[in-house]
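> task: produce atomic coordinates for the following.
(chains A and B)
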Amino acid sequence: MKNHIISKEPLNLSLPPVMADYAQMRAGFSWEMAARNMAGLPGGKGINIAFEAVDRHAQGSLSKKIALRWLGKSGETRDLSFRDLAEQTSRFANVLAGLGVQPGERVFVLAGRIPELYIAVLGALKQRCVASPLFSAFGPEPIHTRIALGGGSVLVTTANLYRKKVADIRMRLPHLRHVLLVHDDADPMDIPRTLDLASLMRAASPAFVIGPTSGEDPALLHFTSGTTGKPKGAVHVHGAVIAHDVTGKVALDFHSDDVFWCTADPGWVTGTSYGIISPLTNGISSVVDEGDFDAERWYRILAEQDISVWYTAPTAVRMMMKGGTGQVRQHAFPKLRFIASVGEPLNPQAVWWGMEAFGLPIHDNWWQTETGGIMIANYAAMDIKPGSMGKPLPGIEAAIVKHCGANAIEVVTEPGTEGELALKRGWPSMFRGYLNEDERYRNCFSGEWYLTGDLARCDEDGYFWFVGRADDVIKSSGHLIGPFEVESALMEHAAVAEAAVIGKPDPVQLETVKAFVALNPGHVANETLRRELLGFARKRLGAAVAPKEIEFMDNLPKTRSGKIMRRLLKSRELGLPEGDTSTLEGSA
Amino acid sequence: MTPRSREEIRQAIVDALGGIAPEIDPGSIAADLPLREQIDMDSFDFLNLIIRVHEILGIDIPEQDYAKLVTLNGAVEYLARRCAAQQ
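Next comes the predicted model:
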């Protein structure tokens, strides 16, 4: 058997890591010190993410450096220097200003990974609007729920996505004043109640002065899922950029000459914090691939684009593993130096596979929408225990806590004890609220601790290990899916009396969405209806959220108070003991 | 292995698609456009499609060839060649 620790002898590292000594940096670190990496708005007018990411570099020695290299689906390439990006984002900010869109208003972006997405997010930040990128694989219902909850007044999308997913829900979005379209259709036609983004951009000035921005002004809105109720809109502020910036250095080992590739879509927090902001604030070039996952395409990108730091997801790694190391070894990656992964725990086999395939371990790290940036990580200069998420970043205090009574917790110090993972509040990218849900926000905290909802343990060396979710939220392909959102969509079908949705363990996705359905009288459980329900859910929710599997049941197990017991369904699915069923309906 | 006509292969792909994305009308698929631009499929759905086609036809599909199955026509041609080669 292999040695269970991957040791990082300094001699094995091709470049001295930014953080040469974890313990030393942790001891000397302060957020005030990290804030000094920021330029701040000229004239002491505060701090703005877009200025730190784009304008300050465009005004300095990096102006001609490639900020974003966009790789189109069909092989086209478009480079945007920091200066280009500054001009384009200023044009977009001027477009918003010209339409009368005020600071603080919510600007949603629904698009594949096209340059306009990146320009719109950063441009909206310049106009001090709150930017909210949505995953383009969402179906109409998740899109409607999020824009409605966010009270979005502007939507930037493509003509194709508008026709397929937005046109039919537009009537139900009374606050949405402006829809700006990227015309990706073969035969551009006027679509009523939309504006053509390209012509507005052409007419707008490429100069824009960012107004005074406080570090506590809201900047980004990312939705995440809970067990019950609607998705939660986590609000992040401009001051979060201090964490976006320094975590790129510390956890992703950004050096000034790096070419970085974050494979995440900006519709998920990773694709915004690290797919847009962090590489830019660090002044490094980053690659954006519009294409969908395809192992061969990815190996080519890694090789041809000279990627040196690569941030990807466990599901992608596991899909690559299926092709074996032989396929990888047909390519050479002389520049690749550091690989990291986030989204769900990376199994030890995948960490070792990185060693076999790329000659590099894959560094798992942990964070979530609410934390805004990487919180716990494996580092370039720290030994890896494969399967562990690593240790808390400098500036981050993490602990395992046990609940004891009404909202009271106790920090567990005994190594190896399972409990809820908690973080001491106060880091810059901590979310500042769930939109319009103050109580839900308050319930995430106990005293000084933010409760993450993840169960974990900490070993005797201070490494953290993910155990599971404390609630029924499903972790699939690195995304959180709320069972309630899926159940609600299924319940809209006339045949469905009850629905319960769980995460079914899966070797590639970690969990796949599985629905249990009980039918109304007069409907017959058969393959035709199963397919109809699957299609029905997919049309409403989109492939990323809809169930992959539907099972019919005569009755769903419920508590005596009528609450469906998802946990019991999951235990049965896993063949595990059913636990305490004393509250089960029908039990003695 | 039984030889397969292009029509059988096409039908196998459509059947596999029907289990993954039943909302689609097979008649509406443009055979030369990427499937994923017409059908809402995530990477996992696409992987499942390949697995199911493999199960139905018994043709091995190595991962580096997945890009050849992007369009319906491309997939039919590729699988027909694999099928002939595996005889």
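
> so, low pLDDT: which residues of chain A?
Low-confidence segments of chain A (pLDDT under 70): A:1-3, A:10-12, A:188, A:561, A:578-588.

> can you pull the domain assignment for it?
Using automatic domain parsing, the domain ranges for chain A come out as A:10-455, A:474-574.

> what strand or helix carries B:Phe46?
Secondary structure assigned from DSSP states H and E places B:Phe46 in helix B:43-57.

> nearest spatial neighbour of A:Arg91, chain-adjacent residues omitted?
In space, not counting the residues next to it along the chain, A:Arg91 is nearest to A:Ala204; the distance is 4.2 Å by CB to CB, 6 or more residues apart in numbering or on different chains. The C-beta positions use only the backbone N, C-alpha and C, and glycine is treated the same way.

> could you dump the domains of chain A to TSV with distance to B:Arg81?
Putting the domains of chain A into TSV (distance: least, CB to CB, whole Å) gives the following:
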stretch	distance to B:Arg81
domain A:10-455	18
domain A:474-574	27
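
> ok, the residue nearest to A:Arg91 touching A:Thr89?
No: contact criterion CB atoms under 8 Å: A:Ala204 and A:Thr89 do not qualify, at 10.8 Å.

> out of the two, which sits in the more crowded spot?
A:Thr89 (29 against 21; other CB atoms under 10 Å in any protein chain shown).

> from what I can see that one touches A:Leu122, true?
Yes: using CB under 8 Å, A:Thr89 is in contact with A:Leu122, at 4.3 Å.

> what sits in contact with each of the two?
A:Ala50, A:Val54 (CB atoms under 8 Å, 6 or more residues apart in numbering or on different chains).

> quick check: residues of chain B near chain A?
Within chain B, the positions adjacent to chain A are B:18-19, B:21-24, B:36, B:40-48, B:62-64, B:66-67 by CB under 8 Å from any CB of the partner chain.

> show me which of those residues are buried.
Buried members of the residues of chain B next to chain A, counted by 16 or more other CB atoms under 10 Å in any protein chain shown: B:18, B:21-24, B:36, B:40-48, B:63-64, B:66.

> on that earlier part again, which strands or helices does the helix or strand following the helix holding B:Phe46 pack on?
Per DSSP H and E, the first helix or strand lying C-terminal to helix B:43-57 is helix B:72-85. Packing partners of helix B:72-85 (3 or more CB pairs under 8 Å, 6 or more residues apart in numbering or on different chains; DSSP states H and E): helix B:6-20, helix B:43-57.

> quick check: angle from helix B:72-85 to helix B:6-20?
120 degrees (axes from the mean of the first three to the mean of the last three CA atoms, to 10 degrees).

> burial count for whichever residue of the stretch 201-350 of chain A sits closest to chain B?
At 3.1 Å from chain B, A:Gly323 is the closest residue in the stretch 201-350 of chain A, using CB to the nearest CB. Using other CB under 10 Å, A:Gly323 is surrounded by 18 other residues.

> ok, for it, nearest residue in space, not its chain neighbours?
Distances taken as CB to CB, 6+ apart place B:Glu63 nearest to A:Gly323, at 3.1 Å, with adjacent residues excluded.

> the one you found reaches A:Met321, doesn't it?
No: B:Glu63 is not in contact with A:Met321 according to CB under 8 Å; the separation is 9.7 Å.

> and the residue of the stretch 51-200 of chain A that's closest to chain B?
Counting by CB to the nearest CB, the stretch 51-200 of chain A gets nearest chain B through A:Ala137, at 5.9 Å.

> residues near that residue, how many?
23.

> residues contacting it?
Per CB under 8 Å, 6+ apart, neighbours of A:Ala137: A:Gly267, A:Gly542, A:Ala543, A:Ala544, B:Asp40, B:Asp42.

> three-state assignment of it?
Taking DSSP: H, G, I helix; E, B strand; the rest coil as the rule, one finds A:Ala137 in the coil state.

> ok, and the closest non-adjacent residue to it?
Among residues not flanking A:Ala137 along the chain, A:Ala544 sits closest, at 4.2 Å (CB to CB, 6+ apart).

> give me phi/psi at the residue nearest to A:Arg91?
In terms of degrees, to the nearest 10, the main-chain angles of A:Ala204 are phi -90, psi 150.

> residues near A:Asn555, how many?
A:Asn555: 11 surrounding residues under other CB under 10 Å.

> and it, what helix or strand is that in?
Going by DSSP H and E, A:Asn555 is not part of any helix or strand.

> helix/strand/coil for the closest residue to it other than its chain neighbours?
If the residues on either side of it in the chain are set aside, A:Asn555 comes closest to A:Ala518, at 5.7 Å by CB to CB, 6+ apart. Reduced to three states with three-state DSSP, the structure at A:Ala518 is strand.
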